[in-house]
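A.B. asks: curious how this folds, go ahead:
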Amino acid sequence: TGSVEEADFIILQGCQVLRGGPSDAKGDKNGEELSLGSYLNTGDFSVIDPILERCKIRGLPMICCNPDNIVVMSDGSIGHMPGKIAQRYESMGGKCTYFGKPHVPHFETCIRKLGLDRNRIAHVGDSLHHDVAGARAAGISSVFIVGGIHRDELGSAIGEMP
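C.D. replies: Below you'll find the model as predicted:
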């Protein structure tokens, strides 16, 4: 359902639209789509906060399937991701369960699906907090991309060797 009043829980995966309603047999959405405004580009919660407040009042649990906080966009700008929305919901008093980086169950599921020994797996990512820390906690190697979200801190640029 797209209605907070009818929902049993919240699944947080993306950060551009709120989708709701069941799909018909052809997969067409019968529910509404609500733009989350400029959140992705600016981190502005003005559209999101009223929705989260209604969810909190109803005591709806949230599942955050993409706990990243930021992402480097193709033009080099920073995009704001679902992890920030989940943290905002928790700061309002809402409850959230996370699945995805940096949480070990996410990595364990990937390892199991690959069917490989963890010694043969390396996780590649640009976040010390989500990619490197998550891989380390799961006991797998990681490859750190210095030209990503930490590039300014490291004095690196997109597409350039450090």
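
A.B. asks: surely Ala157 meets Gly148?
C.D. replies: No. Contact between Ala157 and Gly148 fails when scored by C-beta atoms under 8 Å: they sit 10.9 Å apart. For glycine as for every other residue, the C-beta is placed from the backbone atoms N, C-alpha and C.

A.B. asks: and the helices in the chain?
C.D. replies: Using DSSP state H, the helices of the chain run over 39-42, 48-58, 82-91, 104-114, 133-138, 151-154.

A.B. asks: out of those helices, which comes closest to Gln13?
C.D. replies: Comparing these against Gln13 with C-beta to C-beta, the closest turns out to be helix 82-91 (6.4 Å).

A.B. asks: what's the local residue count around Asn119?
C.D. replies: Using other C-beta atoms under 10 Å, Asn119 has 9 neighbouring residues.

A.B. asks: gap between it and Val132?
C.D. replies: 17 Å (C-beta to C-beta, to the nearest Å).

A.B. asks: try Ser74
C.D. replies: Ser74 is 23 Å from Val132, by C-beta to C-beta.

A.B. asks: who has more neighbours, these two?
C.D. replies: Neighbours were counted for Ser74 and for Val132 using other C-beta under 10 Å; Val132 has more, 21 against 7.

A.B. asks: who's in contact with that one?
C.D. replies: 125, 142, 144 (C-beta atoms under 8 Å, 6 or more residues apart in numbering).

A.B. asks: compare those and tell me which has the most neighbours.
C.D. replies: Gly125 (21 neighbours).

A.B. asks: any idea what that residue is bridged to?
C.D. replies: Phe144 (DSSP bridges).

A.B. asks: correct me, but it touches Asp131?
C.D. replies: Yes. Here Gly125 lies in contact with Asp131, judged by C-beta under 8 Å, at a distance of 2.5 Å.

A.B. asks: what do those two both touch?
C.D. replies: With C-beta under 8 Å, 6+ apart, Gly125 and Asp131 have common neighbours 101, 142, 144.

A.B. asks: picking up where we left off before, Ala157 and Gly148: which is more packed in?
C.D. replies: Neighbour count, other C-beta under 10 Å: between Ala157 and Gly148, Gly148 has more, with 18 against 13.

A.B. asks: contact partners for the nearest residue in space to the more buried one that is not next to it in sequence?
C.D. replies: Spatial nearest neighbour of Gly148, chain neighbours left out: Asp126 (2.2 Å); criterion: C-beta to C-beta, 6 or more residues apart in numbering. Contact partners of Asp126, counting by C-beta under 8 Å, 6+ apart, are 72, 144-150.
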